[in-house]
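[1] sequence plus the predicted model coming up.
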Amino acid sequence: QVQLVESGGGLVQAGGSLRLSCAASGLVFSNYAVGWFRQAPGKEREFVTYINRSGRSTYFIDSVKGRFTISRDNAKNTVYLQMDSLKPEDTAVYYCAARMGPYSEDKRSYPYWGRGTQVTVSS
């Protein structure tokens, strides 16, 4: 059974940092790319960032470029999302998701999802 478990969320002041983790089990992790998505109250779930299987290719939405970093450790079956210079508009539930195949921002193309971790940024 495939499981993705996010951790590391919390409450932080604007300008602060958090590091989210996504731990995977039940799949050959190195065969899967991982995306992070977020969903704010009353809004659609949106794509944030992506990392390919090897970790050598990454993509970010414009609003987080230069502030967020994504990395992975395939030996630990874990992807990390380092979030710096956080803003109140980053407040959302953050989800990691896994898929085989090339880059995609489409949440419908990700078959495996975690349950999410809440990130709240106060002003």
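    Cool, got the structure. Predicted, not measured: the structure shown is a model, and the values here were computed from it.
[2] Val5 against Asn77, yeah?
    No. Contact criterion C-beta atoms under 8 Å: Val5 and Asn77 do not qualify, at 10.4 Å. Just so you know, the C-beta spots here come from the backbone N, C-alpha and C atoms, and that holds for glycine as well.
[3] of the two, which one has the most company?
    The neighbour comparison of Val5 against Asn77 (other C-beta atoms under 10 Å) goes to Asn77, with 18 against 14.
[4] so what's that one up against?
    Contacts for Asn77 were tallied using C-beta atoms under 8 Å, 6 or more residues apart in numbering; they are Ala23, Ala24, Ser25, Phe29.
[5] do Cys22 as well
    Leu4, Val5, Glu6, Val34, Trp36, Thr78, Val79, Tyr80, Leu81, Cys96, Gly114.
[6] which non-adjacent residue is nearest Cys22?
    Distances taken as C-beta to C-beta, 6 or more residues apart in numbering place Cys96 nearest to Cys22, at 3.4 Å, with adjacent residues excluded.
[7] bridged to the residue nearest the centre of the chain, which residues?
    Central residue of the chain (C-alpha atoms, centre = their mean): Trp36, 2.6 Å from the mean position. With DSSP bridges as the criterion, Trp36 is bridged to Thr49, Cys96.
[8] I figured it was touching Ala98, is that so?
    No. In this structure Trp36 lies outside contact range of Ala98 using C-beta under 8 Å: 10.9 Å.
[9] is it correct that the residue nearest to Cys22 is in contact with Ala33?
    No. With contact defined as C-beta under 8 Å, Cys96 does not reach Ala33; the gap is 11.0 Å.
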